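Trainee: with the sequence up front, the predicted model follows.
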Amino acid sequence: MTTLSTVLITGASSGIGAVYAERFAQRGHDLVLVARDKSRLDALAARLRDTHKVAVDVQQADLTQQADLAAVEARLREDARIGTLINNAGMAQSGGFAQQAPQDIERLIALNTTALTRLAAAIAPRLVQAGAGAIVNIGSVVGLAPEFGMTIYGATKAFVLFLSQGMHLELSPKGIYVQAVLPAATRTEIWERAGMDVNSLPEVMDVDELVDAALVGFDRRELVTIPPLQVAERWDALNGARQGLLSDVRQAHAAERYRSQA
Ligand SMILES: NC(=O)C1=CN([C@@H]2O[C@H](COP(=O)(O)OP(=O)(O)OC[C@H]3O[C@@H](n4cnc5c(N)ncnc54)[C@H](OP(=O)(O)O)[C@@H]3O)[C@@H](O)[C@H]2O)C=CC1
Ligand SMILES: CC(=O)[C@H](N)C(=O)O
């Protein structure tokens, strides 16, 4: 008999996180659900306990608040049953770069990058010691596309991709699986919360389809999973071009085109 590890999911009160909770409960995993809205977490936890006979803990936390973030970090460091972190909590932005208020920029970066990084860093040493475990970071296709005009949000998601690639290089030799999931537009509350109308978009993925596809990538132990990308070779080409560029970087001298003509 194998003992399935507990899965801690941030942003589990709605959208992508709530579907991850449902799917891992279906698979027989105990859960820790994290978000700010305790009544929604409690209702989801009760339903999952009842339907799937798994143990579900709720930890209320605003991950932009130091004390709450520290409490979730402590849980990840100390609770040896937790073997998988789904780093999903996030928010979006509306409006252009020049219209962002300082406190909104602060909150977006705090949630999408600082909290995500600190939670991954909190669990990593314990997983390394165990030689097993998984960390899933939810990025976005927007992190590949400054053209989409969500500059700060996209920058946080580019950070998530880079972080995941670096974590993979450092942690996979120690038995830890790291996955970056890059959804494109998916029908969840994030749009309304950011003051955008999801129905104005020409195409939107259903949230169940998105999470089920992400879990196919998870089961295959893929590093980067982009459910809406129809041609997988596009990602390989992008990554190959990046590596090609690095092979033409010489540290000792500036390139010919930057040398003084005088
Ligand atoms: N939907 C989409 O089109 C896409 C979404 N994504 C990413 O998917 C992830 C999940 O978003 P999605 O499910 O779409 O959106 P939702 O708004 O439905 O879910 C966001 C979740 O994060 C939680 N959350 C928000 N702020 C905080 C906070 N300060 N502290 C703790 N939890 C918080 C929310 O719960 P509560 O309010 O209870 O705290 C909620 O559970 C995000 O990282 C998002 O960037 C990526 C690409 C596309
Ligand atoms: C939710 C968003 O704002 C964004 N469209 C995304 O695709 O990540």
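Mentor: Thanks, I have the structure now. Ligands and ions are numbered 1, 2, ... in the order given.

Trainee: quick check: residues of the stretch 1-150 of the chain near ligand 2?
Mentor: Within reach of ligand 2 by CB under 6 Å from any ligand atom, the stretch 1-150 of the chain has these residues: 92, 140, 142, 150. C-beta coordinates here come from the backbone N, C-alpha and C atoms, glycine included.

Trainee: rerun at 8 Å
Mentor: Contact residues, the stretch 1-150 of the chain versus ligand 2 (CB under 8 Å from any ligand atom): 92-93, 140-143, 148, 150.

Trainee: give me phi/psi at residue 189?
Mentor: Main-chain dihedrals, residue 189, degrees, to the nearest 10: phi -70, psi -10.

Trainee: so it touches residue 17, yeah?
Mentor: No - counting by CB atoms under 8 Å, residue 189 does not reach residue 17; the two are 10.8 Å apart.

Trainee: between those two, which one's more packed in?
Mentor: A side-by-side neighbour count of residue 189 and residue 17, using other CB atoms under 10 Å, places residue 17 first with 27 against 13.

Trainee: restrict the helix or strand residue 136 falls within to CA atoms and write it as PDB.
Mentor: According to DSSP states H and E, residue 136 maps onto strand 134-138. Taking C-alpha atoms only, strand 134-138 is exported to PDB below (Å, rounded to 0.1, in the frame of the first residue of the first chain):
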ATOM      1  CA  ALA A 134       6.300  18.200  -6.300                       C
ATOM      2  CA  ILE A 135       6.000  22.000  -6.600                       C
ATOM      3  CA  VAL A 136       3.500  23.300  -9.200                       C
ATOM      4  CA  ASN A 137       3.700  27.000 -10.000                       C
ATOM      5  CA  ILE A 138       0.900  28.600 -12.000                       C
END
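
Trainee: follow-up on the earlier one: show me which of the residues of the stretch 1-150 of the chain next to ligand 2 are buried.
Mentor: Buried members of those, counted by 16 or more other CB atoms under 10 Å: 92-93, 140-143, 150.

Trainee: nearest to ligand 1 among those residues?
Mentor: Relative to ligand 1, the closest of these is residue 140; by CB to the nearest ligand atom it sits at 3.6 Å.

Trainee: make sure the closest one is actually in contact with residue 157.
Mentor: Yes - look at residue 140 against residue 157 with CB under 8 Å: they come within range, at 4.0 Å.

Trainee: what do the two both touch?
Mentor: residue 182 (CB atoms under 8 Å, 6 or more residues apart in numbering).

Trainee: just the ones of the buried ones among the residues of the stretch 1-150 of the chain next to ligand 2 in helices?
Mentor: Among those, DSSP state H puts none in helices.

Trainee: and the pLDDT at residue 1?
Mentor: The pLDDT attached to residue 1 in the predicted structure is 42.

Trainee: out of the residues of the stretch 1-150 of the chain next to ligand 2, which sit inside strands?
Mentor: Judged by DSSP state E, strands contain none of those.

Trainee: now, which of those residues lie close to ligand 1?
Mentor: Okay, of those touching ligand 1 (CB under 8 Å from any ligand atom), that's 92, 140-142.

Trainee: so of the residues you listed, which two are at opposite extremes in space?
Mentor: 92 and 141 (12.7 Å; CB to CB).

Trainee: pull the residues that contact stretch 98-115.
Mentor: Identification of contacts with stretch 98-115 by CB under 8 Å, 6+ apart yields 10, 63-64, 69, 89-91, 93, 152-153, 156-157, 159-160, 163.

Trainee: kindly recompute the last result at 7 Å.
Mentor: If you take CB atoms under 7 Å, 6 or more residues apart in numbering as the criterion, stretch 98-115 is touched by 63-64, 69, 89-91, 93, 152-153, 156, 159.
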